[in-house]
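A.B. asks: Sharing a sequence plus its predicted fold:
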There are 2 protein chains.
Amino acid sequence: MDDIDLQEFLKFLSFASISTDPAYRGEVQKCGEWVLEKFTKLGLEAKLHATAGHPIVTARTPPDPKKRTLLIYGHYDVQPVDPLNLWEGPPFEPQQKGGKVFARGATDNKGQIFGHILGVQKALQQGPLPVNVIFLVEGEEECGSGNLTPFVEANQEFLKCDCVLLSDTGMIAPRTPTISYGLRGLCALEVTLRGPTKDLHSGEFGGAVVNPALVLARLLTTLHDSHGKIAVEGFYDQVAPIQPWEKEAWSKLPLNEKELLHTTGAPQLGGEAGFEPLERIWGRPTIEINGLTSGYQGRGTKTVLPSKASAKLTCRLVPNQTPQEILQKVSDHLRKHCPPTVELQIELGDGGLPYLIDPQSPYIVAAVKALKHIFPDRETAFTRSGGSIPVIAELKRILNVDVVMVGWALPDSNIHSPNENFPVENLEYGLRFNREFLKFMSQP
Amino acid sequence: MDDIDLQEFLKFLSFASISTDPAYRGEVQKCGEWVLEKFTKLGLEAKLHATAGHPIVTARTPPDPKKRTLLIYGHYDVQPVDPLNLWEGPPFEPQQKGGKVFARGATDNKGQIFGHILGVQKALQQGPLPVNVIFLVEGEEECGSGNLTPFVEANQEFLKCDCVLLSDTGMIAPRTPTISYGLRGLCALEVTLRGPTKDLHSGEFGGAVVNPALVLARLLTTLHDSHGKIAVEGFYDQVAPIQPWEKEAWSKLPLNEKELLHTTGAPQLGGEAGFEPLERIWGRPTIEINGLTSGYQGRGTKTVLPSKASAKLTCRLVPNQTPQEILQKVSDHLRKHCPPTVELQIELGDGGLPYLIDPQSPYIVAAVKALKHIFPDRETAFTRSGGSIPVIAELKRILNVDVVMVGWALPDSNIHSPNENFPVENLEYGLRFNREFLKFMSQP
């Protein structure tokens, strides 16, 4: 690992660039400026673009019209850190342990975008690159990429390319090259039920006034049937079935029930009846409760009848569902099932389309060759991802090119969770893959 | 009001004596010491008794074996203040507005116990009292009175009396004398469901792992049927029916549906089918959710599958239910309905028996006479209370005397809620009632 300046990576991880919480706006800005400075030091033409939210950083090699152009996408913002008490160290003071670096963003996405940057850096040290490279690094991926689409729309000429490459997905196991050819989409909504105008004494009023927390529990219970199927009318209407070849290929992957139980620590798996665990994650849509809030949450007992109760919900979508369609259907369902004893408020949040690419497309083939160069003994695994990168479908739509996803996150990298971590060897694999991909991509 | 030193009352309200939260231990102690000092200044024999929790204050007039003895009970501790943002002023910086004093504890119980104290103070200024008076003022009523019962058991000789008097209940309307002859009991439990060992990325794992927040919603939904009846097996087994004379008397009280809707601001009333709103509050048991907690509760979206979800529950009990019986039945129900996809943890909390007294007993009659003296044009209303004062049943059991409850809280006093308040005139009524009750109690 002697040719990687790990100190520089640790510095990158030290910014608390939490994009969803306005309190961290300054840290996000400083992190974006650090990325800008890194690109500038590489000799690239780099710019920081202010947006209505957090800045977008672009950088490019001198454009040569005779060469193909690669657009590398990544993000420098990170998820919130709570519950903070479950972290073994401060999330923004990176610690090295057992060949891994622990910090919020270590994998998602700072470690992976840093692999791209180091790969291009190494290639530049060997002379002019075989392809033009454009970097597009945003600061709002974890809060919906709201300003990226307009930016890409407005800068289509600058961002014109033959292929988009990104590393924001996972490997199915350590040292197992993995290409992700599908992503789930996402839509978010927050449901708030209001009953009495203020928290009431549960003795003085309890029994005569309906408890909004109880109504919320009943309402959330209507979202699924007893077999784990989503009970929202028409929810599955547009769902593209999982293909037979996919079912067969996935059943051979080392991501089985035992592995999932080990990784998650859950007492049992669960979910939609009639599908294997991996099928449920990669090929089936979900509605999850991300958070519940109502009444008293401190220590001890407080005998209130809460005035309101709320739930944060997100749906993961599969082709050919759209956020608009699903938000409408889920909202309709909630309105239909909410009793008149409470007032229902639905706040719609972020959304992103699902994405699917043909695993036989030419730049996927180039990526497989680059991976073979690094892992000569290993077959590349083709996977879909249960996660969402809303910008992927948007980049494909606006730039009209394929998006190649080669990921380096491990099942125990704890992305979005306490003690997120990234193996230092994956940073090196990322570096080497990126360097090689530039060559294979330039070949006919 | 010129003979009431309101400054002294405001000082009493300025202590943040929140007993349920260990962070306020010092404030509770200081408030207890202030009560001790007040009694000492009245010339009473006063003591502060340390307990395993918060101190108990006692005070007494010189015991005269020829006189009857009155034990006055109250508490100087208060409920937590959250949600703080709904308060119009700081909860422990009392404000006067429209003839009312706004502060946490203004009504429950500082205003009411202060009425007792001032009544005795005024009577003492007129000479020796016609009865012996003992004050028993605790600092743990809002967290279950856990140390009071052992204290009373250990000090039965000192606390020996003919009758217990307290003001910790309500008036059905302003200037309407009200005696409460029944209280609901209480028991509390906290349910925590644990799924994965940490919060998971809802994309990477959602679909294969059961969401504890969703399981909690389903579990809470099993507690009631669709008619608002509690669906826990055997829950109503010991419930004493509401008497026909009670149903008739309550139907004439000005506490109707319209009034309850106005006071609570709820869009509609609700609850157990087949009972009037007041019957549901005073004569029927409940299970309420006091708080819900799971996953991300900050601003924006965080796409986690929470590792755990918890609910704080309290049941209000009616004669002849017991906390032990109900905690057992509710725990059994939860265990029976909890699926094996999560681990269930039940933490049992505070409890207290319900209480019922014969409205024709002699000291109730004395209280009615004292109230008639203050409100010559008004009939005393006989009510039960939906709230719980766990110590009442304990005082009756150990001291073997009747407990007379004359309350001064109004329906809009916001006890346990933001902007708790107490009318200054009710402080004066409390003063006058206590002064008069000493006389009527001493008469054969």
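C.D. replies: Structure received.

A.B. asks: burial measure for the residue of the stretch 51-200 of chain A found nearest chain B, as a count.
C.D. replies: Using C-beta to the nearest C-beta, the single residue of the stretch 51-200 of chain A nearest to chain B is A:Thr197, 3.0 Å away. All C-beta spots, glycine's among them, are computed from the backbone N, C-alpha and C. Residues lying near A:Thr197 (other C-beta atoms under 10 Å in any protein chain shown) number 15.

A.B. asks: confidence score at it?
C.D. replies: On pLDDT, A:Thr197 comes in at 95.

A.B. asks: Distance-wise, check it relative to A:Thr58.
C.D. replies: 50 Å (C-beta to C-beta, to the nearest Å).

A.B. asks: Distance from the chain centre to the lowest-mean-pLDDT helix or strand in chain A, please.
C.D. replies: Each helix and strand of chain A was given a mean pLDDT (mean pLDDT, DSSP states H and E); the minimum falls on helix A:390-399 at a mean of 89. On the basis of C-alpha atoms, centre = their mean, to the nearest Å, helix A:390-399 is displaced by 15 Å from the centre of the chain it belongs to.

A.B. asks: again, but for stretch A:267-277
C.D. replies: The chain centroid and the centroid of stretch A:267-277 are separated by 22 Å under C-alpha atoms, centre = their mean.

A.B. asks: What of stretch A:263-280?
C.D. replies: 20 Å.

A.B. asks: Which positions in it come out as buried?
C.D. replies: By neighbour count with 16 or more other C-beta atoms under 10 Å in any protein chain shown, stretch A:263-280 contains the buried residues A:263-264, A:266-267, A:269-272, A:275-280.

A.B. asks: Ends of that stretch, what's the gap?
C.D. replies: Stretch A:263-280 has its terminal residues 16 Å apart, counting by C-alpha to C-alpha, to the nearest Å.

A.B. asks: Check what contacts it and list those residues.
C.D. replies: Under the contact criterion C-beta atoms under 8 Å, 6 or more residues apart in numbering or on different chains, stretch A:263-280 has outside partners A:227-230, A:242, A:247, A:250-251, A:253, A:255-257, A:260-261, A:283-284, A:286, A:411-412, B:195-198, B:200, B:205, B:207-210, B:339-343.

A.B. asks: Of those, grab the buried ones for PyMOL.
C.D. replies: Command for PyMOL that selects the buried part of the contacts of stretch A:263-280, burial taken from 16+ other C-beta under 10 Å:
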select buried, (chain A and resi 228+230+242+250+253+255+260+261+283+284+286+411) or (chain B and resi 195+196+198+200+205+207+208+209+210+341+342)
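
A.B. asks: Which of the contacts of stretch A:263-280 fall within helices?
C.D. replies: A:Lys247, A:Trp250, A:Ser251, A:Glu257, A:Leu260, A:Leu261 (DSSP state H).

A.B. asks: and the closest residue to the last one other than its chain neighbours, which of the three is it?
C.D. replies: I take that to be A:Leu261. Distances taken as C-beta to C-beta, 6 or more residues apart in numbering or on different chains place A:Leu269 nearest to A:Leu261, at 6.5 Å, with adjacent residues excluded. Per DSSP: H, G, I helix; E, B strand; the rest coil, the local secondary structure of A:Leu269 is coil.

A.B. asks: What of A:His373?
C.D. replies: Classification of A:His373 by three-state DSSP places it in helix.
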